[in-house]
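Predicted model and sequence below, questions to follow.
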Amino acid sequence: MISLENEKLVESIIFGDQFEKPQAEKEKILLDIIKKQLEANEKNKNIKKLYGSNKLEISKLNSLIDVPFIPVNMFKDFDLITCEENEVARVLNSSATTTGNPSKIYLDKATSRRQSQALISTLKSFLGTKRRPMLIIDNSDVNDRSDKLTARGAAVRGLCSFGKDVCYAMKKEDLDSTDLRIDLDKVMEFQDKYKDDDILVYGFTYIIWSKFVKTLRDSGIRLNLPNMKLLHSGGWKKLTSQSVGKEEFSEITAEVFGTKPENIIDFYGMVEQVGVVFIDCPYGYKHVPDFAEVIIRDVNTMEEEGFNKTGIIEVMSILGSSYPSQAILTEDMGELAGVDDCKCGRKGKYFKFKSRVSKSETRGCGDTFAEREADHDELLPAGWRIPE
Amino acid sequence: MMNCYLLDGEFQSNGIEFENFDEIEAALGKNQNLLYCMPVQAVIMLLDEWSKAISKDKSILKREGTAYLSFFLRKNNIEKLIVNSLGDKKYLDEFVDIGQGKFIKAQGRGVVCHWIAGNIKTLAFFSLIQSILGGNSNLLRVPKDNIHEVLDIISLFSTIKVEYQNKWYHSMDIIKNISLVCFDSGAYGLNKRMSLLADARVIWGGEEAVNSINALPKKTTCRDVVFGPKYSLAVMDKTIANLEQSQLQNYINAFAQDVAQFDQDACSSPHVLFIEGTFEKAKEIAEVLAKAFEKINKRYSNIVGEAKASKIINERGRYGLSLDKECYASRDLSYTILIDSELSLKEPVSGRCVYIKSVGDIFQIEKLITKKVQTVGFGSLDNDRTIKFANKLSRRGVDRIARLGSMNIYDYPWDGTFLLNELVRWCSLNL
């Protein structure tokens, strides 16, 4: 629980217009808020232990870079709840792609409300306030009303505030399946109804590419939605492994929708920081809203990197009162591009997402202690066989 | 396509492109006789001069592992290596009478092909030198990132000559029996042809590399020596753990050196330190170790890549948040000490990341030992206990129990093998 005074301050920032505060002013405001939130975080015994081990003296913190961060994977290993358990209204889960163990983000009503409002005030800066017909490249189950929500669901729910007459473009292959296919009748009906209107399309990058764009393209179908804006996020790792770059994605997707590539807009966000999204401005940079902060940390010194140097992205936010959202170190790499002076006019830091943290390293002869029977067939090239 | 950087005594800093091994095979075959004509004592003297050349070259000596390589090449060390491996250096030059009309001689196997791992830049030399002593010519596949460092060191050996029994011997005659190549690890055709050339294969590497090379076709007479993936750890018993801090610091400094060398990526690099004592004792030792790392960091900074940094950050997070564990770490990633009381080994993180585990009795760790544990660095003031401990651990699979501070010293036997002995054929003569 954060103090009433602090909460009011947080809400005034969230409800205000974003990207207005010059960096120095913003840092000072955020630091004061975050210090109070860190005190509240100590309700969680694991976090209290972490702060104690780090010999953290919250009152003496005088810079955002000194705020102790939580590595993003810790949400998989620990229940990092900083409110009373009976106040948890919803648990957000990540997709558990790499470890098989999903992140668990506990949300109380206040956090959930702040996240929704934060998303709205951020998107307002890019989309305006008008509600538009909305096409979601997913199936309707993604936004069901259960108390567990995925990252995809959380994003869809937030974006629906900007949409009306929401149409889900995908359906499940069958009831028990997780495989999605295009509900072409519904998509065509949506197109016929709104082809001349400003419309909003949202989807997960990988689903848009693999299940929607490629399918329509292979079938020779081209939509006619010239006034659409498509927001997409997530799943770049899978696309990169298929050698699909951002430019190629935007061009081909725009072609399939019958629009211009500049209407295909990437945004960066994560389930551990719902409500904090970084949307590409017309100059290709991601901007940090006033209620959040980004620190690009050098891989070795962990200090803040200078401009145009690649480092690990840390995302800070003042939205959370039920989990430690204040400083989360991601597994993504980015570059700080500038502060307060982007040509688009937005204040604060702006940066570029570069890649996921590389997991490959030279191992050599130092290795695991575990005895393992290697599956030789996996290691051999095709046709490489020991004769009988 | 491959690049050859050393062929027939010619150094090629940019590499000559070859599609196959025909020229290399021809050169090695032609030059083998130069080795047969060289008495082992002349080889030892040449290697000793090489040792001096390395120790005089400050730019080479600054590189990790080269100071030890210089020591390794010294006459005394090489003679000891031969005696430990073969019994007597005479076997390398002549049929030696072993009684009852029987004579034996250690002959070279022919062409030894070495697949060198990338984690230690001087690794190539430890198998190459023993192969040369055995009278073999050598083809080495060296990782591209290391090739110029290897070439620089060999080039210091190129103009040496020694006089032995009124005859001059030249290092170039040895160099003509070494060829260095680089090619993609996934190039099955080149790996296969290299394997088929070999009279002995020396394989240094991780599991995937070892399994892939093992599965290549080879001559039925080929001898394989595999230095595969291994894991190492360290132990301090209560006689060390309970020392006064000033005395303890020496042992901890030695252990910190073991950790820091070769970026903690060697098979002999320790990842876990077991302390005989309480969790509180482990915390005390962690503080001493932190000081040791800080001292090392002033001379040798710890640079890690993204993947390692990510592992370290996650482990710091886990130990920092866990109620029954502790984390002592630098603000940057220069060192990380993780403390718990679980009786288990931990997967290597490297990058000066060490787990300290408190145990009631050091003999408890016996059950953790697998055949993949290579080196156990051991600190104890009780020699009887050390020998008992060594007996138990080596029976379970450990190859080396080494003094703290000497875990990474390439020793013989290594990985349970006297390599020189593997690289000769023992031939007999009955008169």
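Ah, there it is.

Nearest spatial neighbour of residue 332, chain-adjacent residues omitted?
I'll assume chain A. The shortest distance from residue A:332 to any non-neighbouring residue, by C-beta to C-beta, 6 or more residues apart in numbering or on different chains, is to residue A:313 (4.7 Å). All C-beta atoms are positioned from the backbone trio N, CA, C, and that covers glycine.

actually it's chain B I care about, not the one you picked
Closest residue in space to residue B:332, ignoring its immediate chain neighbours: residue A:301 at 4.6 Å, by C-beta to C-beta, 6+ apart.

Now do whichever strand or helix holds the residue nearest to residue A:332: distance to the chain's middle.
Under the criterion of DSSP states H and E, residue A:313 resides in strand A:310-317. Put simply, strand A:310-317 sits 12 Å off its chain's centre (C-alpha atoms, centre = their mean, to the nearest Å).

Check which strands are paired with that strand and give the direction for each one.
Applying DSSP bridges, strand A:310-317 is found paired with strand A:292-297 (antiparallel), strand A:328-339 (antiparallel).

Dump these into JSON lines; add mean neighbour count as well.
Converted to JSON lines, those look like this (neighbours: other C-beta atoms under 10 Å in any protein chain shown):
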{"stretch": "strand A:292-297", "mean neighbour count": "24"}
{"stretch": "strand A:328-339", "mean neighbour count": "20"}
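
Could you dump those strands into JSON lines with mean pLDDT added?
As requested, the strands paired with strand A:310-317 are exported to JSON lines (pLDDT from 0 to 100):
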{"stretch": "strand A:292-297", "mean pLDDT": "98"}
{"stretch": "strand A:328-339", "mean pLDDT": "96"}
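
Any chance of JSON lines for the ones you listed, columns distance to residue B:53?
Formatted as JSON lines, the strands paired with strand A:310-317 follow (distance: least, C-beta to C-beta, whole Å):
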{"stretch": "strand A:292-297", "distance to residue B:53": "44"}
{"stretch": "strand A:328-339", "distance to residue B:53": "43"}
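
OK, contacts around residue A:343?
residue A:283 (C-beta atoms under 8 Å, 6 or more residues apart in numbering or on different chains).

My read is that the residue nearest to residue A:332 contacts residue A:336, right?
No - proximity of residue A:313 to residue A:336 does not meet the contact threshold set by C-beta atoms under 8 Å, at 9.6 Å.

shared neighbours, those two?
Between them, residue A:313 and residue A:336 share the contacting residues A:294, A:296, A:351, judged by C-beta under 8 Å, 6+ apart.

Of all residues in chain A, which one is nearest the centre?
residue A:269 (1.6 Å; C-alpha atoms, centre = their mean).

ok, now how distant is the residue nearest to it when sequence neighbours are not counted from chain B?
Of all residues not flanking residue A:269 in the chain, residue A:277 sits nearest, at 4.2 Å (C-beta to C-beta, 6+ apart). Distance of residue A:277 to chain B, computed by C-beta to the nearest C-beta, to the nearest Å: 23 Å.

Residue A:277 against residue A:125, yeah?
No - using C-beta under 8 Å, residue A:277 is not in contact with residue A:125; the gap is 10.8 Å.

Look up how far residue B:229 lies from the closest residue to residue B:300 other than its chain neighbours.
Leaving out its chain neighbours, the residue that sits closest to residue B:300 by C-beta to C-beta, 6+ apart is residue B:260, at 6.3 Å. Using C-beta to C-beta, to the nearest Å, residue B:260 is found at 21 Å from residue B:229.

helices or strands next to the helix or strand where residue A:28 lies in the packing?
Per DSSP H and E, residue A:28 falls inside helix A:23-41. Where contact means 3 or more C-beta pairs under 8 Å, 6 or more residues apart in numbering or on different chains; DSSP states H and E, helix A:23-41 is packed against helix A:4-15, helix A:45-53, strand A:292-297.

just the CA coordinates of stretch A:124-137, formatted as PDB?
Coordinates of the C-alpha atoms in stretch A:124-137 are reproduced here as PDB (Å, rounded to 0.1, in the frame of the first residue of the first chain):
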ATOM      1  CA  LYS A 124      -3.300   8.900 -26.600                       C
ATOM      2  CA  SER A 125      -0.100  10.600 -27.600                       C
ATOM      3  CA  PHE A 126       0.100   8.400 -30.600                       C
ATOM      4  CA  LEU A 127      -3.500   7.600 -31.500                       C
ATOM      5  CA  GLY A 128      -5.500  10.600 -30.300                       C
ATOM      6  CA  THR A 129      -8.600  10.100 -28.200                       C
ATOM      7  CA  LYS A 130     -11.100   9.000 -30.900                       C
ATOM      8  CA  ARG A 131     -12.300   5.400 -30.500                       C
ATOM      9  CA  ARG A 132     -11.900   3.500 -33.800                       C
ATOM     10  CA  PRO A 133     -13.300   0.200 -35.100                       C
ATOM     11  CA  MET A 134     -10.800  -2.400 -33.900                       C
ATOM     12  CA  LEU A 135      -9.500  -5.600 -35.400                       C
ATOM     13  CA  ILE A 136      -7.600  -7.900 -33.100                       C
ATOM     14  CA  ILE A 137      -5.400 -10.500 -34.700                       C
END
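
Give me the buried stretch members for it, please.
A:125-127, A:132-137 (16 or more other C-beta atoms under 10 Å in any protein chain shown).

How about residues contacting stretch B:56-67?
By C-beta under 8 Å, 6+ apart, the residues outside stretch B:56-67 that reach it are B:54-55, B:70, B:120-122, B:149, B:152-153, B:156, B:261-262.

looking at those, which has the most residues close by?
Greatest neighbour count in the contacts of stretch B:56-67, by other C-beta atoms under 10 Å in any protein chain shown, goes to residue B:120: 27 neighbours.

That one looks like it's in a helix, true?
No - checked against DSSP: H, G, I helix; E, B strand; the rest coil, residue B:120 lies outside a helix; its state is coil.

Surely it touches residue B:262?
Yes - here residue B:120 reaches residue B:262: they are 5.1 Å apart, a contact under C-beta under 8 Å.

Next one, pLDDT for residue 34 please.
Went with chain A since none was named. Residue A:34 carries a pLDDT score of 97 in this model.

should've been chain B
95.

Report the secondary structure state of the nearest residue to it once chain neighbours are set aside.
Nearest residue to residue B:34 in three dimensions, chain neighbours excluded: residue B:173, at 4.0 Å (C-beta to C-beta, 6+ apart). Following three-state DSSP, residue B:173 is assigned to helix.

Quick check: residues of the stretch 1-150 of chain A near chain B?
Within reach of chain B by C-beta under 8 Å from any C-beta of the partner chain, the stretch 1-150 of chain A has these residues: A:45-47, A:49-50, A:53-54, A:70-71, A:73-74, A:77-78, A:80.

what pLDDT, on average, does the top helix by length along chain B get?
Longest helix in chain B, counting residues (DSSP state H): helix B:279-299. Per-residue pLDDT over helix B:279-299 has a mean of 96.

Any idea how many residues pack against residue A:345?
For residue A:345, using other C-beta under 10 Å, the count is 10.

so what's it scoring on pLDDT?
Per-residue pLDDT puts residue A:345 at 96.

Then residue B:340?
On pLDDT, residue B:340 comes in at 98.

and it, what is it in contact with?
So residue B:340 contacts B:279, B:319, B:322, B:324-326, B:355, B:357-358 (C-beta under 8 Å, 6+ apart).

Thank you, goodbye.
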